[in-house]
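[1] coords please:
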Amino acid sequence: MNTKDNYPIKAQESPDTYSCARATQELLAIPNLLERVKQNQATPKTNYKAWRNLRSDV
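    Predicted structure coming up:
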């Protein structure tokens, strides 16, 4: 059985498991993503700005 993007799903795998594994591979392929997430988690929430205050055109 093939999904519409032509990646085969093994009979014993559920589509959810396969999708999660594929998403994980795609995330791991993004350079420096883990470092950026760690930096974001270390940023104090008081330094955040509401996006509506930054984007007055929306």
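[2] Longest helix in the chain, please.
    Ranked by residue count and defined by DSSP state H, the top helix of the chain is helix 15-28.
[3] in the helix or strand just after that helix, what counts as buried?
    Counting by DSSP states H and E, the next helix or strand C-terminal to helix 15-28 is helix 33-42. If you call a residue buried by 16 or more other CB atoms under 10 Å, then helix 33-42 has no buried ones at all. For the C-beta atoms, the positions are set from N, CA and C on the backbone; glycine is no exception.
[4] who touches helix 33-42?
    Around helix 33-42, the neighbours that count as contacts under CB atoms under 8 Å, 6 or more residues apart in numbering are L27.
[5] now the protein, which segments are flagged as low pLDDT?
    Counting by pLDDT under 70, the chain contains low-confidence residues at 1-15, 58.
[6] For E35, see how far away Q41 is.
    Between Q41 and E35 the distance, using CB to CB, to the nearest Å, works out to 11 Å.
[7] Likewise for A29?
    For A29, the distance to E35 equals 14 Å [CB to CB].
[8] try R55
    R55 sits at a distance of 26 Å from E35 (criterion: CB to CB).
[9] So for this structure, the centremost residue is which one?
    With distances taken as CA atoms, centre = their mean, the residue of the chain nearest its centroid is L27 (5.8 Å).
[10] if I pick that residue, what's in contact with it?
    L27 sits next to L33 when contact means CB under 8 Å, 6+ apart.
[11] Roughly how far does it sit from N40?
    The span separating L27 from N40 equals 14 Å under the rule CB to CB.
[12] and what of D16?
    Separation of D16 from N40 (CB to CB) stands at 27 Å.
[13] Kindly report the same for I30.
    For I30, the distance to N40 - CB to CB - is 14 Å.
[14] Kindly report the same for N47.
    Plainly put, N47 is 11 Å away from N40 if you go by CB to CB.
[15] Kindly report the same for K49.
    Taken as CB to CB, the spacing of K49 relative to N40 amounts to 14 Å.
[16] if we can go back for a sec, how far out from the middle of the chain is the longest helix of the chain?
    Counting by CA atoms, centre = their mean, to the nearest Å, helix 15-28 is centred 10 Å from the centre of its parent chain.
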